[in-house]
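Asker: sequence first, predicted coordinates after that:
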Amino acid sequence: MIRYNSWPIGKLSKDMQRTELYQIKELGYLWDDPRDVIEIFENKVAKFAGSRYAVSCDCCTHGLFLVLKYFNGMKKITIPKHTYISVPMLIEQAGYTYKFEDLEWSGEYQLSPYLLYDSAVRWTKGMYLGGDSIQVISFQIKKRIPIGRGGMILTNDKVIADKLRLMSYDGRDLDTAYDNPNHIKCVGYHFYMTPEDAARGILLMDKTSEINEDSGGWKNYPDLSQLPFFKGDL
């Protein structure tokens, strides 16, 4: 089933298109529908990290946001005072409040009290923590797999994975025809990863070392508790 039709204006000539989709075919990756490439990348990341499922999205920030919206909680979330500025912002946008803690961390940290981890600066084989943990990876330009922009949510829970995948695609069931009145299953967000970015991720994974040191930690970020914009308790 073709789920990703081009617009009626037609396709660009090959010399005007991004090359990654052609490159992975040349390497032996088989796909017919461009969205199949996203599934290939998700499965590849899940196997690499050690989780049962991986759900792609357009950035780590939006991955964390989707998980918090899925939880639909009203708790105050504790995060390190040294982190990227989008994290307290997304927490508020998802309907929560936040509190800063003085924590020295490397690679990843927990958004407590949930078993949710911002793993933006960790990329090494077997990195998934297991159990009920949910980790969100970044593929931003400075990370180990520098797609440019992108994220991945790791989980062992199929129910969570299926719901997050729906949410990332505007609530749409991609296995149901677009003109079917029942193809929208939930409130969603326009946070999906493109097939071209997924293909670039596949290419980069095949050329990147499996075992890596963390690419960042608390020392790489400002103390947000000292910035007047942020109102979280310490």
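Answerer: Ah, there it is. Numbering: from 1, shown residues only.
Asker: can you pull the poorly scored residue ranges out of this structure?
Answerer: 1-11, 232-234 (pLDDT under 70).
Asker: pretty sure residue 62 contacts residue 189?
Answerer: Yes. Assessed by C-beta atoms under 8 Å, residue 62 is found in contact with residue 189 at 7.1 Å. Heads up, the C-betas are built off the backbone N, CA and C, glycines and all.
Asker: which residues do the two both contact?
Answerer: Counting by C-beta atoms under 8 Å, 6 or more residues apart in numbering, the common neighbours of residue 62 and residue 189 are residue 168.
Asker: who has more neighbours, these two?
Answerer: Between residue 62 and residue 189, counted using other C-beta atoms under 10 Å, the more crowded position is residue 62 (23 against 16).
Asker: A helix includes residue 128, no?
Answerer: No. Using DSSP: H, G, I helix; E, B strand; the rest coil, the secondary structure at residue 128 is coil, not a helix.
Asker: quick one: neighbours of residue 173, just the number.
Answerer: 17.
Asker: quick one, what contacts it?
Answerer: 166, 183, 184, 185.
Asker: would you check how far apart the last one and residue 137 are?
Answerer: Computed with C-beta to C-beta, to the nearest Å, the distance linking residue 185 and residue 137 is 25 Å.
Asker: now the element after the longest helix seen in the chain, going C-ward?
Answerer: Using DSSP state H, we find that the single longest helix of the chain is helix 34-49. Downstream of helix 34-49, the next assigned helix or strand under DSSP states H and E is strand 53-57.
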